[in-house]
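Engineer: show me how the following folds:
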Amino acid sequence: MTFWKAIATHFKDNPMVMFDVYNEPKAPNWQTWLHGGGTVGGAHVVGFQDLVDAIRSVGAKQVIVVEPGSAGGKGAGTGADPNAAAEEGGWSTIGANTINDPNIMYSLHVYQGIVAPAQVLDAKWGPILNHYPIFYGEWALLPNGSGKSGLAHCAGIAPGQADNIVNNFLNYMASRNASWSAWQFAPHTLVQDYKTFTPTSLDTQWTCGDQQADVGMGALIKQYLTGGH
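Structural biologist: This next block holds a predicted model:
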């Protein structure tokens with residue numbers, strides 16, 4: 001609470017700043033997610049409503065981003081499951097536990113799940129869709145992920161399918177008026193290096209999980225943002 005009051009005070013007059021108050025929270029249910037209480041991993045759980053109220057208490061009026069984390073349950077699947085719409089469960093069961101604030105943007109993180117059809121992606125938003133601003137705060141097709149989690153970000157996706165999958169997801173987000181930020185502006189993801197900032201490409205052959213592969217969706221993101229789609 002003290003941290004967010006300090007951050008909000010510092011940035012409250014900067015309209016280019018928004019606050020993502022809690023990355024992938026571990027609250028066990030929606031009531032705890034909203035109001036706090038109890039502990040997770042030995043840490044006291046602070047509810048999202050209190051975090052939002054703390055930011056507003058210092059006069060900051062910018063957009064506040066909130067994520068469901070474990071309160072929304074687990075995702076529909078990983079690996080090659082075409083219906084794996086998100087690595088987290090989403091907002092479908094939030095019910096009446098929405099934030100009491102007029103400037104909230106609800107967020108999801110999705111990686112391998114970008115392969116899912118629109119109706120499965122929609123279901124992850126539940127009652128949030130078409131009623132609140134939505135934001136894919138993290139998403140990517142990651143050929144060079146590491147370990148079990150990393151492999152799940154591209155498992156079952158052939159190199160020849162990759163461009164279409166990314167473009168289809170970009171079009172899906174546009175059709176739902178979703179804001180988004182692609183993961184991430186760093187070597188081996190969106191750019192090849194920090195010297196030339198050359199965008200990565202998915203057009204070369206790659207093997208899922210090859211951490212040395214200099215491939216990624218950077219060129220597609222640049223093309224989309226510059227109007228080349």
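Engineer: in which helix or strand would I find D53?
Structural biologist: In the assignment (DSSP states H and E), D53 maps to helix 48-56.
Engineer: distance between that helix and the chain's centre?
Structural biologist: 21 Å (Cα atoms, centre = their mean, to the nearest Å).
Engineer: counting by contacts, list what it packs against.
Structural biologist: If contacts are counted by 3 or more Cβ pairs under 8 Å, 6 or more residues apart in numbering; DSSP states H and E, helix 48-56 sits against helix 2-11, helix 30-35, strand 64-66. Every residue, glycine included, has its C-beta placed from N, CA and C.
Engineer: adjacent strands (with direction) for the last one?
Structural biologist: Right, strand 64-66. strand 19-20 (parallel), strand 104-110 (parallel) (DSSP bridges).
Engineer: now tell me what touches it from outside.
Structural biologist: If you take Cβ atoms under 8 Å, 6 or more residues apart in numbering as the criterion, strand 64-66 is touched by 18-22, 48, 52, 55, 99, 101, 103-107, 135, 137.
Engineer: got a ChimeraX select line for the buried ones in these?
Structural biologist: Selection of buried members from those for ChimeraX, criterion 16 or more other Cβ atoms under 10 Å:
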select :18,19,21,22,48,52,55,99,104,105,106,107,135,137
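Engineer: picking up where we left off before, and the strands paired with strand 64-66 as a markdown table, adding mean pLDDT?
Structural biologist: Listed next are the strands paired with strand 64-66 as a markdown table, based on pLDDT from 0 to 100:
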| stretch | mean pLDDT |
| --- | --- |
| strand 19-20 | 98 |
| strand 104-110 | 96 |
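Engineer: as TSV, these with distance to A6 would be great.
Structural biologist: Below are the strands paired with strand 64-66 laid out as TSV (distance: least, Cβ to Cβ, whole Å):
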stretch	distance to A6
strand 19-20	12
strand 104-110	21
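Engineer: could you point out which element follows the lowest-mean-pLDDT helix or strand in the chain?
Structural biologist: Within the chain, judged by mean pLDDT, DSSP states H and E, the helix or strand with the poorest mean is helix 147-152; its value is a mean of 64. Going down the chain from helix 147-152, the next helix or strand is helix 159-175, by DSSP H and E.
Engineer: what's the offset of that next one from the middle of its chain?
Structural biologist: 16 Å.
Engineer: what about the closest residue to K222 other than its chain neighbours, neighbour count?
Structural biologist: Counting by Cβ to Cβ, 6 or more residues apart in numbering, P199 is the residue found nearest to K222 once chain neighbours are left out, at 4.9 Å. Neighbours of P199 under the rule other Cβ atoms under 10 Å: 16.
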